[in-house]
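>>> make a model of this:
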Amino acid sequence: MSQNISLFYIPCPDQATAEKISRTLLEEKLIGCANIIPGMTSMYWWEGKIATSSESILILKTSESSDALKNLEKRVLELHPYDIPCLMQLPVAAINSAYQKWLEESQK
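Below is the predicted model of the structure:
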């Protein structure tokens, strides 16, 4: 397993929000790359009812230490407009070495 590489899955209300969060985190060197997937439909329980909304999915790639991951979480929570945003960290089991090197160097 790659010990210092993580993905974050973050639903956003729209592409503009996902882009704003991505750009800020890239400028602050908290991530090396962001992918935005537009046009997802989410269904979930909210305030006792089933709700449906259109969202864009933000996938963040980072090669940071646990302290930096806390900073990343803090910044996403500050930037995200949802009352309770989903910020789900997914460990990376394997990654090609050239991409890992690029990701690590892009955050310096």
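>>> list the contacts of C12.
Neighbouring residues of C12 by Cβ atoms under 8 Å, 6 or more residues apart in numbering: A18, I21, E55, S56, I57, L58, H80. Placement of C-beta: from N, CA and C, glycine included.
>>> pretty sure the fourth one contacts Y9?
No. Applying Cβ atoms under 8 Å as the test, S56 and Y9 come out as separate, 12.0 Å apart.
>>> centre of the chain to the worst-scoring helix or strand of the chain on mean pLDDT, how far?
Lowest on mean pLDDT, DSSP states H and E among the helices and strands of the chain sits helix 66-79, with a mean of 87. Relative to its parent chain, helix 66-79 has a centroid offset of 10 Å by Cα atoms, centre = their mean, to the nearest Å.
>>> packing partners of the next helix or strand after that helix?
Tracing the chain past helix 66-79, the next element assigned as helix or strand by DSSP states H and E is strand 88-91. If you count contacts as 3 or more Cβ pairs under 8 Å, 6 or more residues apart in numbering; DSSP states H and E, strand 88-91 packs onto strand 6-12.
>>> in its sheet, what does the strand it packs on sit against?
Strand 6-12 pairs in its sheet with strand 49-62 (antiparallel), strand 88-91 (antiparallel), by DSSP bridges.
>>> and these, which one's lowest on average pLDDT?
Least confident of these, judged by mean pLDDT, is strand 88-91 with a mean of 91.
>>> ok, and what's touching it?
M1, S6, L7, F8, Y9, I10, L69.
>>> surely K20 meets E78?
No. Between K20 and E78 there is no contact under Cβ under 8 Å: 11.7 Å.
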